[in-house]
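# turn this into a model:
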Amino acid sequence: MSNLPIYLLTFLSYGVLAGYFWRAQTSGKGDVLNRGMVGHGVLLPLSLHAWLLSESMFSQGQFTLGLGNALSLMLWLTMLVYWLARFIYPISGLQALVLPLAAIGSVLPELLPAAHPTGHPTTLAFEAHIAAAMLAYSLLTIAMLHAVLISSVEKRLHHGTLPMPLRNLPPLLTMETLLFRLIWVGFVVLSLTLTSGILFSEELFGKPWQFGHKNVFGLMSWLVFAALLFGHRHYGWRGRIAVRWTVSGFVFLLLAYVGTEFVLEVLLDR
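This is a model prediction of the structure:
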């Protein structure tokens with residue numbers, strides 16, 4: 001039986017919520033987004049999205065990742081982290097920016113189906129490694145989005161004009177504090193992912209570790225974020241410097257898997 005109706009329902013659920021959240025932000029009523037059923041409304045598309053991912057990634061008893069599933073999982077985790085973080089930080093309005101991305105991500109497994117299973121042994125260690133890698137992607141995706149927002153708000157403040165959606169964002173100090181906390185956690189998870197991949201490559205993938213494109217870009221991303229955290233701690237790096245380093249580190253991380261898989265699956269059709 002085709003899952004197309006559920007894909008459409010998930011996409012529309014995300015889309016309707018995105019429109020509602022955006023309208024509340026632009027009308028200066030962003031505070032309502034954290035109340036009752038409105039705040040918990042994201043759970044419906046999140047749950048549907050999770051079910052679709054499990055069906056797509058573990059169909060017929062085989063593990064299949066691929067570009068579409070990887071991007072979809074990354075955006076699902078990003079949305080989940082945003083939804084959970086709203087209980088601690090005043091960031092409900094930021095979901096208006098992430099919901100459209102999650103809507104697109106929810107249908108990517110249908111639009112970009114993986115041609116073949118991974119071929120790797122589906123062990124608990126392998127699944128934990130993949131989960132950690134996707135979590136690192138998600139956390140650092142959120143960090144990149146925050147860095148871009150911080151940069152946009154700073155530029156607008158210098159020009160004395162701030163659009164209504166940006167006025168309802170948390171204070172810059174709160175955004176910057178959250179940015180570096182996200183980078184710290186994402187950096188730790190990324191470190192665990194790279195270390196496990198290097199030390200336990202035989203157990204995880206059934207072959208020795210190789211110095212390929214994915215690993216090179218992954219290590220470059222790790223070095224960029226390590227330098228940023230060192231500079232922030234010892235030299236007080238923040239503002240535009242932090243934004244540039246965050247975006248650079250995210251680009252390398254994106255190239256590490258998504259860029260490589262895009263070339264292989266879409267351009268080379270492998």
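
# now do the buried residues in stretch 176-189.
176, 178, 179, 180, 182, 183, 185, 186, 187, 189 (16 or more other C-beta atoms under 10 Å). (C-beta placed from N, C-alpha, C; glycine too.)

# of these, which belong to strands?
Counting by DSSP state E, none of the members of the buried residues of stretch 176-189 fall within strands.

# closest one of those to residue 139?
Proximity of these to residue 139 (C-beta to C-beta) peaks at residue 186, which lies at 3.5 Å.

# how near is the closest residue to the closest one other than its chain neighbours to residue 131?
Leaving out its chain neighbours, the residue that sits closest to residue 186 by C-beta to C-beta, 6 or more residues apart in numbering is residue 139, at 3.5 Å. Residue 139 is 12 Å from residue 131, where distance means C-beta to C-beta, to the nearest Å.

# for the two, indicate the residue with more neighbours.
Higher neighbour count among residue 139 and residue 131: residue 139, with 23 against 14, using other C-beta atoms under 10 Å.

# packing partners of whatever helix or strand the more buried one lives in?
In this assignment (DSSP states H and E), residue 139 forms part of helix 124-159. Counting contacts by 3 or more C-beta pairs under 8 Å, 6 or more residues apart in numbering; DSSP states H and E, helix 124-159 is packed against helix 66-85, helix 95-111, helix 164-167, helix 172-199, helix 201-205, helix 239-254.

# would a markdown table of the ones you listed with distance to residue 149 and mean pLDDT be doable?
Below are the helices and strands packed on helix 124-159 laid out as a markdown table (distance: least, C-beta to C-beta, whole Å; pLDDT from 0 to 100):
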| stretch | distance to residue 149 | mean pLDDT |
| --- | --- | --- |
| helix 66-85 | 13 | 85 |
| helix 95-111 | 8 | 89 |
| helix 164-167 | 8 | 65 |
| helix 172-199 | 7 | 88 |
| helix 201-205 | 36 | 63 |
| helix 239-254 | 10 | 90 |
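
# nearest to residue 12, of the ones you listed?
The nearest among the helices and strands packed on helix 124-159, by C-beta to C-beta, is helix 95-111 at 8.2 Å.

# so who does residue 48 touch?
6, 9, 10, 13, 106 (C-beta atoms under 8 Å, 6 or more residues apart in numbering).

# among the residues you listed, which lie within helices?
6, 9, 10, 13, 106 (DSSP state H).

# pretty sure the fourth one sits against residue 45.
Yes. If you go by C-beta atoms under 8 Å, residue 13 and residue 45 touch, sitting 3.8 Å apart.

# next, count neighbours for residue 78.
23.

# can you list the residues that contact stretch 87-103?
10-11, 14-15, 17-18, 21-22, 24-25, 30, 33-34, 39, 42, 45, 49, 75-76, 78-79, 82-83, 85-86, 145, 149, 165, 168-170, 174, 178.

# quick one on the thing from earlier: what pLDDT is listed against the residue nearest to residue 186?
pLDDT recorded at residue 139 is 90.

# the one 3 residues further on now?
Residue 142 is assigned 87 on the pLDDT scale.

# relative to residue 94, how far out is it?
9 Å.

# overlap in contacts, those two.
residue 82.

# which ones are touching the residue nearest to residue 250 when sequence neighbours are not counted?
Closest residue to residue 250 apart from its sequence neighbours, by C-beta to C-beta, 6+ apart: residue 144 at 4.1 Å. By C-beta under 8 Å, 6+ apart, the residues touching residue 144 are 246, 247, 250.
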